[in-house]
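Q: could you work out the structure for the sequence below:
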Amino acid sequence: MIETLVSVGLPADEEFTIKKNSLKGVGCEDGKRIAIVTGIHGDELEGQYVCYELVRQITANMSNLRGTVDIYPSINPLGMEAVSRAVPMSGLDMNRVFPGSEDGAIAENVAAKLVADIKGADICVDIHASNIFIREIPQVRIPSGDSSHLLKYAKLLNTDFVWVHDSNAVGEGSLAYALRQEGVPTLVIEMGVGQRITKAYCRQLLTGIFNLMSHLGIWSVPEQKITHPMVSTDGAVNVIHSVESGIFIPLVEHNMWVQKGAVIGEIVTPITGTVEEEVTAPADGLIFSLREYPIVYEGSVIARILSMG
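A: Predicted structure coming up:
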């Protein structure tokens, strides 16, 4: 059932609305509930395809549904329309204003109503893409303080990597942080690149979401064979920054294992035809983040490598 979560009046007799699709198994009103959220950042589109496929596949197989799946596909529709990470007009990052306030501006009002609506759910999956600069392999990000509790769920989502890391995506002001204060375990997904849809990554995560639902008893299909992710606490994350400015030309593929000293790419100057910097791997490991946008400045992130052991 499609329901209106937020309705706010705008100038010129227009209306701003945010909707959710609540799918409930017949006779399963007392079953468990999972919330799937995406579109907090308007330029992150990977979750749109995931939500589309979730709704399509669940509605085609309603007899398998043993609980409730609440899907919130577009929390920042104005940002999506404007191709903007932030909320237009205010410039606020939606994922820095939670838990929000019903008496606040649009972003804060939406944040408060979203938290109130999800409260009581058994688990939430908050789907993000990367920005336009960096491509990410499918990964779950969880805070170090809650890792022992969340890790068991994170490993069910069929991602390649679990990053136990106190980043902004899970810190104070984020949806994940606000929901954890309300007792809702929340898993943050990062994958792909901004303003694009990577269907292979989306399908990989989709398998994981159904697997998580099966584990929780929300989906009656048996748990599936999934990827067992690497976990950051089993190794070390190395972040590579550029020393020079220029155009970054990658010489390796994303999601590729490299050896220490291997040349990851070159930073070049087109007008002189010269290589300004060879970017090398500081350790053996997996490239889980790789520069997508080629223009770089001194200090730009080029790659992140997970070294194991």
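
Q: what residues does the longest strand along the chain touch?
A: Counting residues, the longest strand in the chain under DSSP state E turns out to be strand 14-24. With contact meaning CB atoms under 8 Å, 6 or more residues apart in numbering, strand 14-24 is reached by 1-10, 55, 58-59, 62, 65, 67-75, 77-78, 106, 110, 114, 117. Just so you know, the C-beta spots here come from the backbone N, C-alpha and C atoms, and that holds for glycine as well.

Q: just want the angle from the helix or strand just after that strand to strand 14-24.
A: The C-terminal neighbour of strand 14-24 among helices and strands, as given by DSSP states H and E, is strand 33-38. Computed with axes from the mean of the first three to the mean of the last three CA atoms, to 10 degrees, the direction of strand 33-38 lies at 140 degrees from that of strand 14-24.

Q: mind giving me the packing neighbours of strand 33-38?
A: helix 46-60, strand 68-72, helix 106-118, strand 123-129, helix 199-216 (3 or more CB pairs under 8 Å, 6 or more residues apart in numbering; DSSP states H and E).

Q: can you tell me which of these is nearest to K225?
A: Of all the helices and strands packed on strand 33-38, it is helix 199-216 that lies closest to K225, at 8.9 Å by CB to CB.

Q: in that closest one, which residues are buried?
A: Within helix 199-216, the residues scored as buried using 16 or more other CB atoms under 10 Å are 201-202, 204-214, 216.

Q: for the host helix or strand of R180, give me every contacting residue.
A: Assigned by DSSP H and E, R180 falls within helix 175-181. Applying CB under 8 Å, 6+ apart, the contact partners of helix 175-181 are 37, 40, 95, 98-100, 111, 114-115, 118-119, 124, 126, 143, 146, 169-171, 186-188.

Q: selecting buried members of these in PyMOL, what would you type?
A: In PyMOL, this line selects whichever of the contacts of helix 175-181 come out buried by 16+ other CB under 10 Å:
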select buried, resi 37+40+95+98+99+100+111+114+115+118+124+126+143+146+169+170+186+187+188
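
Q: related to what we said a few turns ago, turn the helices and strands packed on strand 33-38 into a markdown table, including distance to I264 and mean pLDDT.
A: Converted to a markdown table, the helices and strands packed on strand 33-38 look like this (distance: least, CB to CB, whole Å; pLDDT from 0 to 100):
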| stretch | distance to I264 | mean pLDDT |
| --- | --- | --- |
| helix 46-60 | 24 | 98 |
| strand 68-72 | 37 | 98 |
| helix 106-118 | 38 | 94 |
| strand 123-129 | 22 | 98 |
| helix 199-216 | 21 | 98 |
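
Q: of all those, which one comes closest to K152?
A: Nearest of these to K152, taken as CB to CB: helix 199-216 at 9.2 Å.

Q: parallel or antiparallel, list what pairs with the helix or strand just after the closest one.
A: Going down the chain from helix 199-216, the next helix or strand is strand 230-231, by DSSP H and E. Take DSSP bridges as the rule and strand 230-231 pairs in its sheet with strand 161-164 (parallel).

Q: in the strand it pairs with, what counts as buried?
A: Residues of strand 161-164 classed as buried by neighbour count (16+ other CB under 10 Å): 161-164.
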